[in-house]
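> Build the 3D model from these lines:
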Amino acid sequence: MNYIERVVKWRLERGVAEQTESLVRGFYEVIDTRLVSVFDARELELVIAGTAEIDIVDWRKNTEYRSGYHDRHPVIQWFWTAVERFDNERRLRLLQFVTGTSSIPYEGFAALRGSNGPRKFCIEKWGKISALPRAHTCFNRLDLPPYPSYAMLYEKLIIAVEETSTFGME
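Prediction:
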């Protein structure tokens, strides 16, 4: 491990190692490790938090747009068409990809929170059409390139949501 990785690891774990160990020990007293070992972190969150039916109308109503995107922009129309086409599990994975959690606040998307308080779901025009969408989980923001077709947007969105993780340290 190089110096930067060790510093990052130390800062992330500093001050919470004892609490984390206690939490994990308690968790495994209730749940057999063999039962959870089959899940990755995203799947385990969905199992623990449950799956709520996503209200697409509420989600769309409480979404902000930046850098030239607006609710009637073709790319945004394609985005919402893709979301409507997704089953609920994939919608939850999209939400998890962008926000870091698959949980929907009890009050709906208007109550979505970011790292420093209330923060709506946001879609920002960014990047070249060759790029995948990227997420800023602390800000509930999806950077979405201006794809020239619905098919390209759909394909790239699926790859981003299903084949990438929002956080990882090698």
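> what helix or strand does the residue nearest to the spatial centre of the chain sit in?
Geometric centre of the chain, nearest residue: Phe97, 2.1 Å, by C-alpha atoms, centre = their mean. Assessed by DSSP states H and E, Phe97 sits inside helix 88-99.
> Buried residues in that helix, which are they?
90-99 (16 or more other C-beta atoms under 10 Å). The way it works is simple: take the backbone N, C-alpha and C, and place the C-beta from them, glycine included.
> Is His73 in contact with Tyr65, as I believe?
Yes. Between His73 and Tyr65 there is a contact under C-beta atoms under 8 Å: 7.3 Å.
> can you pull out the strands in the chain?
Counting by DSSP state E, the chain has strands at residues 63-66, 113-114, 117-118, 121-125, 134-136, 141-144.
> And the furthest pair within the buried residues of helix 88-99?
The distance between the two most remote of those (C-beta to C-beta) is 14.9 Å, for Arg90 and Thr99.
> Low-confidence bits of the chain, can you list those?
Applying pLDDT under 70 to the chain flags residues 1, 11-12, 14-15, 42, 45-51, 164-170.
> now the helices: where do they sit in it?
All helices of the chain, identified by DSSP state H, fall at 3-13, 17-30, 33-36, 41-49, 56-61, 74-85, 88-99, 150-163.
> and Pro118, which of the ones you listed is closest to it?
With C-beta to C-beta, the closest approach to Pro118 among the helices of the chain belongs to helix 88-99: 12.6 Å.
> Which elements pack onto the closest one?
In terms of contacts (3 or more C-beta pairs under 8 Å, 6 or more residues apart in numbering; DSSP states H and E), helix 88-99 is packed against helix 41-49, strand 134-136, strand 141-144, helix 150-163.
> what is the orientation angle of that helix with strand 121-125?
Orientation of helix 88-99 against strand 121-125 (axes from the mean of the first three to the mean of the last three C-alpha atoms, to 10 degrees) gives an angle of 70 degrees.
> got the angle between helix 88-99 and helix 74-85?
Using the same axes, to 10 degrees: helix 88-99 against helix 74-85 is 140 degrees.
> what's the closest non-adjacent residue to Asp71?
Nearest non-adjacent residue to Asp71, counting by C-beta to C-beta, 6 or more residues apart in numbering: Tyr65, 6.7 Å away.
> quick one: the one you found from Phe97, how far?
Distance check for Tyr65 against Phe97: by C-beta to C-beta, to the nearest Å, it reads 18 Å.
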